[in-house]
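Peer 1: One predicted model, sequence on top.
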Amino acid sequence: MPEIRHDIQPLVEAVRSLNAPDAFKPRLGLEQWRLLQTFMTRHEVRASDLLVKQGELDRTLYLLEAGTLQVFVNQPKPGVSRLSILRAGSVVGEAGLFSDQPRMANVEAMTACVVWALRGPRYEELAARNPALTLELVRAAAAVMGVRMRANIEVGQAVS
């Protein structure tokens with residue numbers, strides 16, 4: 001059965017239209033997005049599915065094309081603490097792509113979602129083949145991580 005190739009245009013539109021302090025804003029043209037698409041996989045996620053599990057080792061960055069995700073951490077005592085809700089156009093898991101550290105939080109689909117995944121080995125292949133595109137992804141992801149780190153510090157969340 002042949003692989004179905006999905007158009008990346010809905011993701012591009014979602015990323016470009018997201019208006020949030022931690023919005024992922026790579027300076028990429030459509031042809032660069034189409035090149036990036038060849039290194040990513042598209043996934044449909046059901047509501048309540050766990051996309052990222054706290055404590056696991058996983059070098060995958062996700063871009064949310066459609067739907068809503070919640071980011072939360074398990075507490076040592078019973079209960080959970082929601083950190084944020086992410087809308088279409090958001091990036092999540094970016095820290096995991098760049099480190100060999102366990103995931104810091106859980107990410108769960110609040111609604112049915114469409115995500116695009118860039119896994120560690122494909123990221124490394126992209127870096128070898130297109131350093132300029134990779135550098136722009138790193139710049140945009142680092143900007144997101146900086147905003148999120150500042151927000152966590154301001155509310156007293158440990159950054160470790």
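Peer 2: Okay, I see it.
Peer 1: Please save the CA atoms from stretch 87-100 in PDB.
Peer 2: Extracted in PDB, the C-alpha atoms of stretch 87-100 (Å, rounded to 0.1, in the frame of the first residue of the first chain):
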ATOM      1  CA  ARG A  87      -3.300  25.300  20.600                       C
ATOM      2  CA  ALA A  88      -2.800  24.600  16.900                       C
ATOM      3  CA  GLY A  89       0.500  26.000  15.700                       C
ATOM      4  CA  SER A  90       2.400  25.200  19.000                       C
ATOM      5  CA  VAL A  91       5.600  23.300  19.300                       C
ATOM      6  CA  VAL A  92       6.000  20.800  22.200                       C
ATOM      7  CA  GLY A  93       8.800  18.400  23.200                       C
ATOM      8  CA  GLU A  94      11.500  20.700  21.800                       C
ATOM      9  CA  ALA A  95      13.800  20.300  24.900                       C
ATOM     10  CA  GLY A  96      13.700  16.500  24.400                       C
ATOM     11  CA  LEU A  97      15.000  16.800  20.800                       C
ATOM     12  CA  PHE A  98      18.100  18.600  21.900                       C
ATOM     13  CA  SER A  99      19.000  16.600  25.100                       C
ATOM     14  CA  ASP A 100      19.400  13.100  26.300                       C
END
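Peer 1: can you list the residues that contact that stretch?
Peer 2: 14-18, 20, 22-24, 51-52, 57-69, 71, 86, 101, 103-104, 107, 118, 120, 123, 138, 140-141, 144-145 (CB atoms under 8 Å, 6 or more residues apart in numbering). For the C-beta atoms, the positions are set from N, CA and C on the backbone; glycine is no exception.
Peer 1: top helix in the protein by residue count?
Peer 2: Across the chain, the longest stretch assigned as helix under DSSP state H is helix 131-154.
Peer 1: Only the buried residues of that helix, if you could.
Peer 2: 133, 134, 136, 137, 138, 140, 141, 143, 144, 148 (16 or more other CB atoms under 10 Å).
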